[in-house]
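J.: the following block contains a protein sequence and its predicted model.
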Amino acid sequence: MKGKSLLTVVLLVAGFLAAGFPSFAQDIITKKDGTDIKAKVLEVNESEVKYRRYDYLDGPIFTMLKSEILIVRYENGTNDVFNGKGKSVPVVKYEPEPTVEEADDRDRDEMKKDKKDSKKSSKKDAKKESKKDLKKKDKKTSEDEEEVVAEEKVEKEEKVEKEEKVEKEKKDSKKESSKKDVKKKKDSKDEEEVITEEKEEVEKVAKKEEKEKKEKKDKKDSKKDKEKKEKDSSKKDKDKDKKSDKGGSKAVDGIEILSGDTYFLSKSDEAVVVFDYDKTVVEGKPLMEYLEDQGSDWVKEWPENQEFISGKFVEYFNDKSKGMTLAEKGKAPYKLVIHVDKMDFGSVAGNPFNMYSGGAEISGTVEVVDASSGKKCLSMDFTDIQGVRQMSATWRLEFAFIELAKRLLKFAK
C-alpha cells in the first residue's frame with residue numbers, strides 16, 4: 001500500500017510538472033502536509049535543504065530534512081521532487097541569485113576595475129608618448145619633470161578620494177538598511193503586546209502612587225506614635241519619681257523594678273536567654289508587617305539577624321558580669337526572658353555631634369524565671385534604651401541590646 005501511495009504522489013507531481021508551473025519571484029518549498037514556504041534556497045545536499053525566509057533575507061538560515069519535503073519550485077523555473085526516503089529526482093545544487101545589495105556591490109567593483117584599467121591604459125599610452133618625446137628631445141627640463149610628478153600626485157589623491165567615497169556609500173547603505181529592518185520589526189510588534197505594556201505602565205504608576213500615600217500615612221502614624229511615646233515616657237518618669245519618693249522600687253537609667261529581687265542577677269548561676277518578639281511593634285505596625293513593607297530581604301534576613309543580636313548580647317553580658325552567666329541554648333536553672341514591646345531601627349542620619357542620635361531604640365520587660373517551677377523571680381521594665389548610631393540597621397539594633405545588657409548589670413551587686 002505504501003508503494004502505491006508513493007507512486008500516486010510521484011505521478012501527481014509529475015502531472016503538475018508536465019502542466020508547467022507559472023514563474024515565481026521566489027522559491028517555494030511545499031511540505032508533505034501541504035504547507036508552502038516562501039524562501040530563498042541556499043543549498044540542497046543529500047539529506048537537507050538550507051534556506052532563508054523570503055520575507056527576512058537577512059535573517060537566520062533554516063534547515064529542513066528532505067524527508068519532510070514533497071517538492072521545491074525555484075524562481076528560475078526548475079524543480080526538485082523528493083521521494084519518501086528524502087532522495088531528490090534529480091538532486092540540484094542550487095546557486096542562489098545575488099541580492100540587490102550584492103548586485104550593487106558587484107557593479108561598483110566592476111566600475112572600479114574599469115576605472116583602474118582605464119587609468120592604467122592611459123598611463124601606458126602616456127608613457128609611450130613620453131618615450132617618443134624623449135627620443136625626439138635630447139633633454140628634458142626640470143620643469144617638465146616637476147609637472148609629471150604633480151600630475152601623478154593629483155591622480156593618486158583623486159583615486160584615494162574616490163575609494164573613500166565608495167566606502168562611505170557602502171556604509172551609509174548598510175546603516176539605512178539596518179534602520180529599515182529595525183523600523184519593520186517595531187511596526188510588526190503585536191498590538192496585544194503594546195496594550196499589555198501600557199497596562200503594566202498604568203499599574204506601575206498606580207502602585208507608585210499607592211506607595212507614596214502609604215509612606216505619608218506611615219510618617220503621620222510614626223509622628224503620632226513618637227508623640228505618644230514621649231508622653232508615655234514623661235508619665236513613666238513622673239511615676240518613677242513618685243515611687244522613688246515612697247521607696248517602693250528602684251529605677252536606674254530607664255529600667256524600673258516591677259517585682260522580685262535583683263539578687264538573682266548577682267547569683268553565680270546560669271540562665272538561658274530568650275528573646276520574645278511576638279508582640280513587638282515598629283512604627284505603629286506589628287514587626288513582621290513592618291519587615292514585609294521594607295522588602296523581602298528584610299524578612300529573609302531577620303532570623304539570622306536575631307541570632308547575631310542574641311550572640312552579641314550574651315557575649316557582652318558574660319564578659320562584664322560578676323554573677324549570673326548567660327547561654328543561648330541548653331538547660332540551666334534560670335531563664336532570662338526579654339519581651340520586646342516596641343522597637344525603632346533608627347537611621348544613618350542624625351546629629352554628627354551626638355553618637356546616640358539616629359541609634360535604634362527598644363522598650364519592654366525583662367524577667368528572670370525559675371526553669372523548674374516557672375516562677376518569676378524578677379520582673380523589670382525597660383523604656384527607650386538607645387544604642388549608638390551605626391550604618392547598618394542590624395548593627396544599630398545590636399548596640400541597643402548591648403546598652404540594655406550594660407544597664408541590667410548595674411543592678412547586679
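T.: Good, I have the coordinates. Numbers count the residues shown, from 1 in each chain.

J.: can you name every helix or strand that the strand or helix carrying E256 contacts?
T.: Element membership for E256 (DSSP states H and E) is strand 255-260. Here strand 255-260 touches helix 191-246, strand 361-370, strand 376-386, going by 3 or more CB pairs under 8 Å, 6 or more residues apart in numbering; DSSP states H and E. Bear in mind the C-beta positions are built from the backbone N, C-alpha and C, glycine included.

J.: between the ones you listed, which gets nearest to S178?
T.: With CB to CB, the closest approach to S178 among the helices and strands packed on strand 255-260 belongs to helix 191-246: 22.4 Å.

J.: ok so, going back, what's the average pLDDT for the strand holding E256?
T.: The predicted model assigns strand 255-260 a mean pLDDT of 93.

J.: and if you look at stretch 154-164?
T.: For stretch 154-164, mean pLDDT rounds to 89.

J.: same question, stretch 228-238
T.: Computed over stretch 228-238, the average pLDDT equals 63.

J.: ok, now stretch 383-393?
T.: So the average pLDDT for stretch 383-393 ends up being 83.

J.: just the endpoints, please. Distance across it?
T.: End-to-end distance for stretch 383-393, by CA to CA, to the nearest Å: 19 Å.

J.: give the buried residues for it.
T.: Neighbour counts over stretch 383-393 (16 or more other CB atoms under 10 Å) mark T383, D384, I385, Q386, G387, V388, R389, Q390, A393 as buried.

J.: and these as a markdown table, adding distance to D218?
T.: Below are those laid out as a markdown table (distance: CB to CB, whole Å):
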| residue | distance to D218 |
| --- | --- |
| T383 | 23 |
| D384 | 20 |
| I385 | 23 |
| Q386 | 21 |
| G387 | 23 |
| V388 | 25 |
| R389 | 22 |
| Q390 | 23 |
| A393 | 16 |
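
J.: F275: which of those is nearest?
T.: Looking across the buried residues of stretch 383-393 and measuring by CB to CB, the closest to F275 is I385, at 13.9 Å.

J.: could you check how far that closest one is from K376?
T.: 21 Å (CB to CB, to the nearest Å).

J.: list the contacts for D293?
T.: Contacts for D293 (CB atoms under 8 Å, 6 or more residues apart in numbering) come out as K214, D218, K285.

J.: quick one: it is in a helix?
T.: Yes: using DSSP: H, G, I helix; E, B strand; the rest coil, the assignment for D293 is a helix.

J.: how close does it get to E210?
T.: According to CB to CB, D293 stands 12 Å off from E210.

J.: same question for D344.
T.: 25 Å.

J.: could you do D319 as well?
T.: 48 Å.

J.: got the domain ranges for the protein?
T.: 2-89, 100-135+146-184, 189-248, 250-411 (automatic domain parsing).

J.: between the contacts of D293, which is nearest K156?
T.: K214 (74.5 Å).

J.: quick one: residues contacting the closest one.
T.: D293.

J.: so what's it scoring on pLDDT?
T.: For K214, pLDDT reads 82.

J.: ok, so what distance separates it from K208?
T.: Taking CB to CB, one finds K214 at 11 Å from K208.

J.: verify the stated contact: I37 with R52.
T.: No: no contact is recorded between I37 and R52 when judged using CB atoms under 8 Å, the distance being 10.7 Å.

J.: that older thread, show me which of D344 and E210 is the more surrounded one.
T.: D344 (22 against 10; other CB atoms under 10 Å).

J.: so what's that one up against?
T.: V282, E283, A360, E361, I362.

J.: low-confidence ranges in this protein?
T.: Along the chain, the model assigns pLDDT under 70 to residues 1-25, 84-104, 106-107, 118-119, 121-144, 182-191, 194, 229-251, 348-358, 413.

J.: so which of the buried residues of stretch 383-393 comes closest to K223?
T.: Set against K223, the nearest of these by CB to CB is D384 (16.4 Å).

J.: quick check: that closest one vs K228, distance?
T.: 12 Å.

J.: before we move on, what about K207?
T.: In terms of CB to CB, K207 sits 31 Å off from K228.

J.: swap in L57?
T.: When L57 is compared with K228 (using CB to CB), they lie 74 Å apart.

J.: and what of L65?
T.: L65 is 78 Å from K228, by CB to CB.

J.: before we move on, the earlier item: so which of the buried residues of stretch 383-393 is the closest to K170?
T.: A393 (60.1 Å).

J.: contacts only, for the closest residue in space to that closest one that isn't next to it in sequence.
T.: Nearest residue to A393 in three dimensions, chain neighbours excluded: F345, at 4.5 Å (CB to CB, 6 or more residues apart in numbering). Counting by CB under 8 Å, 6+ apart, F345 touches V282, A360, A393, R396, L397.

J.: look at the second one and say how many residues are nearby.
T.: Here the number of neighbours of A360 (other CB under 10 Å) works out to 25.

J.: what does the last one give?
T.: The number of residues packed around L397, counting by other CB under 10 Å, is 26.

J.: the first one now?
T.: Summarising burial for V282: neighbours were counted as other CB under 10 Å, giving 21.

J.: and I29, how far from V81?
T.: Counting by CB to CB, the gap from I29 to V81 is 12 Å.

J.: spell out the secondary structure type for D80.
T.: Applying three-state DSSP: D80 is strand.

J.: in this structure it contacts N45, no?
T.: No: contact between D80 and N45 fails when scored by CB under 8 Å: they sit 11.7 Å apart.
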